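In: No letters, just coordinates:
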Ligand code: AMP
Ligand code: ZN
Ligand code: FE
Ligand code: FE
């Protein structure tokens, strides 16, 4: 088997393993190539790249950017092959972090107004990089306000939750442009999370993103059923788009997701090679 994982989170955002440990684990389970795709940050890339070199694993710098999209959907754009020293990228990720800081503060205030004893400081203490709702969820679990992270999202932090707050986001056009400016390719992550009514709608939305410069779609992902994989694979073939895949590993923050697998499905090495070929053009 020659499999890979192109969608992983570390402590640089809301994963629970360090960038080095994520890559080392990938090596241990026999992956031949990986990317680290932390939310709105490239903070883990240097460590991950160093570990990949030590482990003899092929590595692509990555990022996952949250973009504007109508509720109840979520639009995440993955960037692969970005230059982590790109000035524009550094500046824009800083802006994204500012938007998150502001939102985290608003969420904590809302929780406090609901009578929950929680301080922003407790949330920040759990995080080492990008701070997000999963960290707030973890504090709520630790304080026995809820029994697990999923419940924290359902009751408080997710869309429609009692303490839901949105964050400042880039438009899809801006996110794609930012990835291109840093020399990378832009991929629509886990299209099922767009929460569209049917494949016809999904096709339409993805085509609009292609018009904005999207280079590919994530075909294999832990949230994708076999039917979704089949649709996305044929869509990507039809429009000559890159196909990518990953587990969306978060360590114990998403305990059901295993590194290197998406619902028991391995991710083919050919995806990685095609991205590399495109980046070299
Ligand atoms: P944020 O980046 O702060 O908007 O948080 C989004 C992250 O929270 C996602 O990338 C997931 O890792 C996690 N997440 C979103 N919804 C849920 C959920 N219902 N249960 C558990 N984790 C979730
Ligand atoms: Zn996450
Ligand atoms: Fe995502
Ligand atoms: Fe992710």
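Out: Ah, there it is. All values reported here derive from a predicted model rather than from experimental measurement. Numbers count the residues shown, from 1 in each chain. Ligands and ions are numbered 1, 2, ... in the order given.

In: would you list every one of the helices in the chain?
Out: Using DSSP state H, the helices of the chain run over 19-28, 45-55, 87-113, 120-126, 133-142, 149-152, 172-181, 199-211, 226-238, 269-280.

In: who wins for proximity to residue 75 among the ones you listed?
Out: helix 172-181 (6.2 Å; C-beta to C-beta). Any C-beta I mention is one placed from the backbone N, CA and C, and that applies to glycine too.

In: Which elements pack onto the closest one?
Out: Secondary structure elements in contact with helix 172-181, counted by 3 or more C-beta pairs under 8 Å, 6 or more residues apart in numbering; DSSP states H and E, are strand 58-67, strand 75-80, helix 87-113, strand 185-188.

In: Tell me which of these is the most buried.
Out: strand 185-188 (a mean of 27; mean count of other C-beta atoms under 10 Å).

In: would you turn the helices and strands packed on helix 172-181 into TSV with distance to ligand 4?
Out: Converted to TSV, these look like this (distance: least, C-beta to the ion, whole Å):
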stretch	distance to ligand 4
strand 58-67	5
strand 75-80	6
helix 87-113	15
strand 185-188	12
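
In: So for residue 43, which of the ones you listed sits nearest?
Out: helix 87-113 (8.3 Å).

In: That closest one near ligand 1 anywhere?
Out: No: Helix 87-113 lies out of reach of ligand 1 by C-beta under 6 Å from any ligand atom, never closer than 6.7 Å.

In: tell me what that helix is packed against?
Out: Using 3+ C-beta pairs under 8 Å, 6+ apart, helix 87-113 is in contact with strand 58-67, helix 120-126, helix 133-142, helix 172-181.

In: and those, which is most packed in?
Out: Among the helices and strands packed on helix 87-113, strand 58-67 has the highest mean neighbour count (mean count of other C-beta under 10 Å), at a mean of 24.

In: any idea how far it is from the chain center?
Out: How far strand 58-67 lies from its chain's middle: 8 Å, per C-alpha atoms, centre = their mean, to the nearest Å.

In: Can you list the helices and strands that it packs against?
Out: strand 33-36, helix 45-55, strand 75-80, helix 87-113, helix 172-181, helix 269-280.

In: Residue 277 and residue 10: what is the separation?
Out: Going from residue 277 to residue 10 by C-beta to C-beta, to the nearest Å gives 27 Å.

In: Report the residue spans of the stretch 1-150 of the chain with pLDDT below the cut-off.
Out: Residues of the stretch 1-150 of the chain meeting the criterion pLDDT under 70: 1.

In: Up against ligand 3, what does it have?
Out: Contact residues (C-beta under 5 Å from the ion) of the stretch 1-150 of the chain with ligand 3: residue 76.

In: ok, what's across the strand from the closest residue to ligand 3 within the chain?
Out: Closest approach between the chain and ligand 3, counting by C-beta to the ion: residue 76, at 3.8 Å. Note on residue 76: beta-bridge partners by DSSP bridges are residue 66.

In: Show me which residues of the stretch 51-200 of the chain sit near ligand 1.
Out: Contact residues (C-beta under 6 Å from any ligand atom) of the stretch 51-200 of the chain with ligand 1: 132, 133, 134, 149, 150, 153, 158.

In: Spit out the contact partners of the residue nearest to the second one when sequence neighbours are not counted.
Out: Think residue 133. Once flanking residues are discounted, residue 133 sits nearest to residue 157: 4.6 Å by C-beta to C-beta, 6 or more residues apart in numbering. Residue 157 sits next to 107, 133, 136, 137, 163, 164 when contact means C-beta atoms under 8 Å, 6 or more residues apart in numbering.

In: what two of those residues are the furthest from one another?
Out: 137 and 164 (12.4 Å).

In: near ligand 4, which residues of the chain?
Out: Proximity of the chain to ligand 4 (C-beta under 5 Å from the ion) is limited to residues 64, 248.

In: which residue is nearest the middle of the protein?
Out: residue 64 (4.3 Å; C-alpha atoms, centre = their mean).

In: right, and it touches residue 38 too?
Out: Yes: if you go by C-beta atoms under 8 Å, residue 64 and residue 38 touch, sitting 6.8 Å apart.

In: Overlap in contacts, these two.
Out: 9, 13.

In: Residue 128: which of the helices and strands packed on strand 58-67 is closest?
Out: helix 45-55 (11.3 Å).
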